[in-house]
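Asker: Sequence plus the predicted model coming up.
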Amino acid sequence: MILKFKSLGHQVSHLPLLVVEKVNYDSVNFPSFGGIIFTSANAIKFLDLKGIDKKILCFCVGEATEKTARNNGFQNVIAAEGNVENLKELILQNFDKKDGSLIYISGETVSTDLDQQLLKVGYNVKRIVNYRTSHNKNFNEEFVKELKLKMPDIVYVYSQNSAASFLNYIKLQQLESLWMNTNLMCIGEKTSSILNEIKWKKIFLFNPGEEEFLLYKI
């Protein structure tokens, strides 16, 4: 997406807000599951892929996760359009409870308790946590100086974790009063609500793939 925006002539900066680290998990008997669920590319990155039949039915939350799954050899991949609600519907439509259990690989913090929602409708789901995120505390000082001199017209935030880290960053750098001419673009209302205490020009909600379209709404 950064390259896409640059190709359109926009100046783009990327602020790494999260530090991702592996979490050790108990050994899993993957052949006993009929399907596997990924809600992030990091879940695949930190998963020991040995012993997993790559023909297993694989459910991914969005395009980036799907791409990572396919790059790691998964062949039978079904992807949603970037949100967990859509992913849940795809699972309900494409995986019969009679086909066995599902294994859900995720980070420690999730925006939606997908496994609990599936359990409530009768699915057998085992959740494995294989990574966690924390606030990035090391930022480039030059980036901060340049940011204060030229505040962005648009900020895209892609998760609740990122929103919480961004708010932490804003307060840490004492930038609370500088965003009144900046449009905030968030995936989902839960993500935007974290940043509501900051005064923005406007707040927009979007789904993955709609980023370029939002450029023409401001």
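Answerer: Received it, and whenever you're ready, just let me know what you need. Computed from a prediction, not measured in an experiment: that's the story for all the values here. Numbering: from 1, shown residues only.
Asker: what's the weakest-modelled helix or strand in the protein?
Answerer: Lowest by mean pLDDT, DSSP states H and E among the helices and strands of the chain is helix 2-7, with a mean of 74.
Asker: packing partners for that one?
Answerer: Packing partners of helix 2-7 (3 or more Cβ pairs under 8 Å, 6 or more residues apart in numbering; DSSP states H and E): helix 211-214. The C-beta positions use only the backbone N, C-alpha and C, and glycine is treated the same way.
Asker: list the buried ones in the helix it packs on?
Answerer: Using 16 or more other Cβ atoms under 10 Å as the test for burial, helix 211-214 gives residue 211.
Asker: same question, stretch 14-28
Answerer: Buried-residue list, stretch 14-28, by 16+ other Cβ under 10 Å: 15, 17, 18, 20, 28.
Asker: Please determine how far the last one is located from residue 164.
Answerer: What it means is residue 28. 30 Å (Cβ to Cβ, to the nearest Å).
Asker: ok, back up a step: tell me which strands and helices the following helix or strand past the least confident helix or strand of the chain is in contact with?
Answerer: Using DSSP states H and E, the helix or strand that follows helix 2-7 in sequence is strand 18-22. Under the contact criterion of 3+ Cβ pairs under 8 Å, 6+ apart, strand 18-22 touches strand 125-135, helix 160-172.
Asker: Point out the most buried one among these.
Answerer: Among these, helix 160-172 has the highest mean neighbour count (mean count of other Cβ atoms under 10 Å), at a mean of 19.
Asker: Remind me what the helix or strand that it is followed by packs against, helices and strands.
Answerer: Downstream of helix 160-172, the first helix or strand assigned by DSSP H and E is strand 183-186. Using 3+ Cβ pairs under 8 Å, 6+ apart, the elements in contact with strand 183-186 are strand 154-157, strand 202-205.
Asker: contact partners of the first one?
Answerer: Under the contact criterion Cβ atoms under 8 Å, 6 or more residues apart in numbering, strand 154-157 has outside partners 1, 163, 166, 179, 182-187, 191-192, 195, 211, 214-215, 218.
Asker: what do you get for the last one?
Answerer: Strand 202-205 is touched from outside by 183-189, 192, 195-196, 214, 217-218, with contacts defined as Cβ under 8 Å, 6+ apart.
Asker: Pull up the distance across stretch 149-159, start to finish.
Answerer: Counting by Cα to Cα, to the nearest Å, you get 27 Å between the two ends of stretch 149-159.
Asker: Quick check: can you list the domain ranges of this structure?
Answerer: The record's domain parsing of the chain by automatic domain parsing lists 2-17+136-217, 19-133.
Asker: could you point out which element follows the helix or strand where residue 87 lies?
Answerer: Per DSSP H and E, residue 87 falls inside helix 84-94. Remark: after helix 84-94, the chain's next helix or strand is strand 101-107, criterion DSSP H and E.
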